[in-house]
Structure formats: C-alpha cells, structure tokens
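Student: no sequence for this one, just the structure:
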C-alpha cells in the first residue's frame with residue numbers, strides 16, 4: 001500500500017483529497033492543526049480505509065521538522081517515516 005500525507009486534511013480541498021485518495025486505495029496520513037484530522041481519519045477508517053491523524057502546524061518549521069521522522073503505523077503492513 002502506498003501512503004500519502006495530506007496537509008490541511010480537516011476541511012475543504014484537503015478533506016476532499018484525503019477521502020478520494022483513501023477511496024483509491026492509498027493509506028492516508030491526515031495532517032492538520034485541529035481535531036478535524038481525527039474526524040476525517042475516523043471517516044476513512046469507518047469506510048474500510050487506512051488512515052492516521054497527525055496534529056501539526058506545517059507553517060511552524062520547528063514543529064513540522066520532527067513529525068515525518070516519527071514512525072507512524074497506518075496499517076499492519078504499512079508504515080510512514
């Protein structure tokens with residue numbers, strides 16, 4: 001499974017992309033500032049997709065730098081570095 005990171009996934013076009021990519025078979029890391037990332041990841045998971053919510057402010061360099069290096073389990077067979 002290929003994994004995509006969608007920033008701004010909590011709403012608008014980011015949410016649309018996250019859900020569409022999940023429907024196309026991608027594992028989705030839903031990245032956003034607020035709880036909406038949890039909501040969209042939950043919707044994707046409920047529909048049978050693989051998703052993980054990550055709360056991050058991509059405009060803050062100090063905060064965004066470490067999070068992609070964390071190992072985040074998206075499914076039993078797939079991980080994101």
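Tutor: Here it is on my side, so go on. Since the structure is predicted, the reported quantities are computational estimates derived from the model, not experimental observations.

Student: in which helix or strand does residue 43 reside?
Tutor: Using DSSP states H and E, residue 43 sits in helix 36-46.

Student: which other residues reach that helix?
Tutor: Under the criterion C-beta atoms under 8 Å, 6 or more residues apart in numbering, residues 9-11, 15, 18-19, 22, 28, 30-31, 50-55 lie in contact with helix 36-46. Where you see a C-beta, it was placed from the backbone N, CA and C, and this is true even at glycine.

Student: try stretch 20-34
Tutor: 1-11, 14, 18, 37, 40-41, 44, 47, 49-58, 67, 72, 74-75, 78, 80.

Student: local confidence estimate at the residue of the chain positioned farthest from its centre?
Tutor: No residue in the chain sits farther from the centre than residue 62, which is 19.5 Å out by C-alpha atoms, centre = their mean. At residue 62, the model reports a pLDDT of 70.

Student: is it in a helix, a strand, or coil?
Tutor: The three-state label given to residue 62 by DSSP: H, G, I helix; E, B strand; the rest coil is helix.

Student: quick one: pLDDT of residue 7?
Tutor: Reported pLDDT at residue 7 in the predicted model: 88.

Student: what is it paired to in the beta sheet?
Tutor: For residue 7, the beta-bridge partners are residue 31 (DSSP bridges).

Student: test my guess that it contacts residue 58.
Tutor: Yes: look at residue 7 against residue 58 with C-beta atoms under 8 Å: they come within range, at 5.1 Å.

Student: those two - which one has more neighbours?
Tutor: More crowded of residue 7 and residue 58, by other C-beta atoms under 10 Å: residue 7, with 20 against 14.

Student: contacts only, for that one.
Tutor: 14, 31, 32, 56, 58.
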